[in-house]
Structures are given as structure tokens and as C-alpha cells.
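Undergrad: coordinates only, sequence not included:
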């Protein structure tokens, strides 16, 4: 079990998609497909739909919360988000999606060195504020 | 319940006594405050709204939720650029669907219903009546956040979409980050070296190149720039704001003897030692300048000016530079600006004069995310570090960076012409 700070409550489980660098959800991500489109990003082309998305933090534009909420609306967003910062933009995006569409995408903060240990393809489970990585 | 110390009015909104829209707004602002480590909320006097910039149905659904719940902006709220121009019907992204156009326009109407002033500009600071030194405000678009903090001395964090609106509905923000004196001290000192000639320091082009370098190096820290002349213009401060916010995450910079919170180096640094000192010499600047061009010199397809939106003084310079010349046939020159500044330019007769010379002026939007604009392919020249940084990732273009003078000469010649003499450095 990994120590987390809950930024937005909820339970979820899914395959991990680990991003090695911060991502802008406006310009660097296509919310209509859930794809990372920033060509400079190490995970360019990866699909976030249905994943537990792990990333250091968001970057760049003020449009990030809208990109997050739009992807959740379209059903191609992550089912949960793990981040290494108290990222206000991520929380603004999931709070808005919760309000408008009644879809809950929990967000938790972990230490950067815990984030670095996560591997794409592992299964992550968030339950009652606890994060477990399943083999 | 929250750990924040809320006023009675905040608490009433938070608990739902003032309706679902203000409840959601209060919950969002309070949550943001908790994450930012705020103890309470404070009043703001002004908001620059970014959530009006359409990116999908979620934007419209949120605005409908607010309008249908009777939400109104508590303080003067001015709108950012949008992805379509309302005025020019053919100025629309050709690959976008009719739903995109309809959605973008519906969203604009909804923000007007909330009581926003529809200025549709990324440079609201060029309009009269905005905030001044020491005022707490909400900024969202990155260049405007940096400009308001740095050139104006107003105080804002970078507020993302929806949070900007929630703050505007309440007229409140978390008392944290750049709203607090202690967090506004300069952290990294950038010193222009002796080999950078005075003539170059006075150029707006230098501000773009320097901003690009400072942003990349400082990332999200607060840079202090030492060595710019006291005469550094607001257009140059706009250039530094846009470039540092694009290449890094800078939300506030100080320029010693130029920006209002940096009358001298000691004040800019808050009487503390900088975390580190970076020397900026001609080699550094030449590297930063090269970094802004992906294209080799050659025939041009388009020239993009006005990122962030062209100011009245930039129009004056452009008119002067274009005197007696025309844009080469077949070449497209775009100037993005606000309706307000275009009106001022029109009163001088400049709009007609520039259009006669082949320059196209567009309002409400910008050319790096509006592939609408005819000819946004191939080799494009720009005088903007921000345009040069973003466009190659968002449009099928290669970019060549130059000064406004270079851009005009190139527009007339239909190929890239750059004056290299300023970049040789001071002879030693």
C-alpha cells in the first residue's frame, strides 16, 4: 500500500498509464480521443481512456481543467489520476466533471519517488483513500 | 467542512444557502485554497476569463449550468481570445466541424449573459479601465497573468478554466501564492553581460529572445532581469511576459529599473541572495534566437504578427515601416489584435492604409491556434517568441523568427530577410 493524500475522493481501479513528464491537457492532449498529442512528450500517442493516469503534474495552459473535464465527458478520460503535486488544475477538471456529469474521477497525490516506481500496465486500485498496486 | 477561515458570505455560499451555482463555486475556490495552503479568501477587483475559449462541450455545459442557475460575475470580468472570429465568417478552422463553430459561438453568448465584458483579447491590459499596482485580481491566460503581475504589479496566480469563473462568481480567491508579499521576491538573477550592445538591449526583438531563454532556464521560478534600459517599453514587457510564460511556467518576473516592484536589485530580490545567478551573453542570446526558428531562410508563405495581441504603438511602428511598400503578391500577412485597439488604429486611418498595402487584420482570436487563417502552412515568419514556440506543434508550419523590421522586409520581398548586424555583439 502506498501513502497518498486524497485531492479528490473516490474509488477506482484500472491499468496504469505512467507519464514520465508533465502534460498540458490543452494542446498536448486530445480530449475527443484521450490521446497524448504533444509530440515532444515521451508518451506521445498513448491513450489515457480507462487508465489510472500517473503523472508528475500538469503544465502550461489555463485550458487544462477543460481538457480533463471534456475527456471525462467523452468517456475517454482516465478513471483515476495519481500525481506528485497538489495540482489545482487537475482537481478543477474532475470537480467540474463530477458536477456536470456525475462521474467521479478520484485524484491522489503521492511522493515523487513513489510515482517513479509505478510502471505502465500494472493495475492500480484506489479504495477508501488507499492506493494498492496489484501484480 | 473546510480548514479555511471563511467569511459569513463565503460560508453561506459554501453551504448552499445561496444556490447551487455559488455552492459549486465556493466548493471549488475553497478546495483550491486548501491545496494552495491558504488560510482564508480575499476579495478581487477584476477577472480575465479563459473558460470562454471553447475546447469542447464541457465548456458549454459548465457555462449553461452557471447561466441557468442565475450566476453573475461579482466583479468586472473581461474575456480572453476565442478560437473563432465572430466578425469574419470565413475565419474558421476548416477541419473543425460545424458543431465546433456553433459551440464556440454559443459559449461566447453565455459569458456575455454572465455579465462579462466581451473584449475577446489575450492583452486586456492594453484597454483602459483595468487593474493597477497592488490590486488582487484573477488572471488565467498565461501571458496576461505574467504581464499583470510583472508590468502592472497587480497580483494573481495562474487560475485555470472553471476556477477562474468560480472566483469571478464569488469575487474571491484563495489568499495564497503570488497574492502574498513573501512569494513575490525574485529567485534567479539573470544578468546581461557586457558584450550585449546597448542598441540590442533597446530592441523589442531582444525582449522576445531574452524572454524565451529566461523562461526555459527559470521554469516556474521568479526571475529577476538586470541590464535592460529604463526605457524598455510596455510592448517589450509584453514580449517578455509571453515568452517566459510559454517556454517556462513563469507567472512573475522583475526587470530592475523597469517593472514597478523592482526599482533596484535589492528590492527585486527582497533583500535576499538569489538562488543562483545566470549570465546572459551574446552566445546565450544567439542560441535562444536560433531555438525560435525551425525553418531555414527561403520563400515565405505567411507572416504572423500580434501574439499577444498587437498594441496601438506596434500599429504605429508597422504603419511607419510599411510606408510606400506593399506585401508581396500571394503572401499573407496577419496582424491579430483586439477590437478595441483596431478601433483606435482605424481612427488614425491605419487600418485602411495597412489593408491597402495587403495586411490583413483579425480580431477576437489568434493565428497560432486558428488554422482558419488561410495559408497557415509552409514557412511562416513571426516577430513573436510565443508564436514561434507554439505554432510548429499546433499547425503544419515551419517558423522563422525575426524583428518587426525583418518581418516587414520579408513580407515585401516574399522571402526571409533578417538583419544580422545587431547579433554580432559588441566588438572587443
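TA: All right, it came through fine. If you're wondering where the values come from, they're calculated on a predicted model, not measured in any experiment.
Undergrad: avg pLDDT for stretch A:32-46?
TA: Mean per-residue pLDDT for stretch A:32-46: 91.
Undergrad: mind listing what's buried in that stretch?
TA: Using 16 or more other CB atoms under 10 Å in any protein chain shown as the test for burial, stretch A:32-46 gives A:34, A:35, A:36, A:37, A:38, A:41, A:43, A:46. C-beta coordinates here come from the backbone N, C-alpha and C atoms, glycine included.
Undergrad: now the second one: how far from chain B?
TA: I take that to be residue A:35. 14 Å (CB to the nearest CB, to the nearest Å).
Undergrad: show me what contacts that residue?
TA: Contacts for residue A:35 (CB atoms under 8 Å, 6 or more residues apart in numbering or on different chains) come out as A:29, A:45, A:46, A:47, A:48.
Undergrad: the same query, at a cut-off of 6 Å, please.
TA: By CB atoms under 6 Å, 6 or more residues apart in numbering or on different chains, residue A:35 lies in contact with residue A:47.
Undergrad: tell me the bridge partners for it.
TA: residue A:30, residue A:47 (DSSP bridges).
Undergrad: with residue B:52 as the reference, measure out to it.
TA: Counting by CB to CB, to the nearest Å, the separation of residue A:35 from residue B:52 is 25 Å.
Undergrad: rewinding a little: tell me the one among the buried residues of stretch A:32-46 nearest to chain B.
TA: Distance to chain B, by CB to the nearest CB, is smallest for residue A:38 among these, at 7.1 Å.
Undergrad: next, that closest one: secondary structure please.
TA: coil (DSSP: H, G, I helix; E, B strand; the rest coil).
Undergrad: you'd agree it is up against residue A:28?
TA: Yes - in this structure, residue A:38 is within contact of residue A:28 by CB atoms under 6 Å, at 3.4 Å.
Undergrad: pLDDT below threshold where in chain A?
TA: For chain A, no stretch has pLDDT under 70.
Undergrad: show me the longest helix that occurs in it.
TA: helix A:88-101 (DSSP state H).
Undergrad: other SSEs contacting it?
TA: If you count contacts as 3 or more CB pairs under 6 Å, 6 or more residues apart in numbering or on different chains; DSSP states H and E, helix A:88-101 packs onto strand A:5-8, helix A:64-74, strand A:107-109, helix B:20-36.
Undergrad: contacts for the helix or strand following the third one?
TA: If I follow you right, that is strand A:107-109. Next along the chain after strand A:107-109, taking DSSP states H and E as the criterion, comes helix A:112-117. For helix A:112-117, the external contacting residues (CB under 6 Å, 6+ apart) are A:2, A:54, A:84.
Undergrad: buried residues of the longest helix of chain A, list them for me.
TA: Neighbour-count burial for helix A:88-101 [16+ other CB under 10 Å]: A:88-100.
Undergrad: would you point out the most distant pair within those residues?
TA: Greatest spacing in the buried residues of helix A:88-101, by CB to CB: A:88 and A:100 (18.4 Å).
Undergrad: quick one: name the residues of chain A near chain B.
TA: Residues of chain A found near chain B (CB under 6 Å from any CB of the partner chain) are A:31, A:62-66, A:69-70, A:73, A:86, A:88-89, A:92, A:95-96, A:99-100.
Undergrad: can you pull the contacts of residue B:260?
TA: Residues counted as contacts of residue B:260 (CB under 6 Å, 6+ apart) are B:133, B:153.
Undergrad: distance of it from chain A?
TA: Taken as CB to the nearest CB, the span from residue B:260 to chain A is 24 Å.
Undergrad: need the pLDDT of that residue.
TA: On pLDDT, residue B:260 comes in at 98.
Undergrad: same thing with the one 5 residues further on?
TA: pLDDT, residue B:265: 98.
Undergrad: circling back to that earlier point, I'd like the helices and strands packed on helix A:88-101 as TSV, with mean neighbour count and distance to residue B:411 appended.
TA: Formatted as TSV, the helices and strands packed on helix A:88-101 follow (neighbours: other CB atoms under 10 Å in any protein chain shown; distance: least, CB to CB, whole Å):
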stretch	mean neighbour count	distance to residue B:411
strand A:5-8	18	49
helix A:64-74	28	35
strand A:107-109	24	48
helix B:20-36	22	45
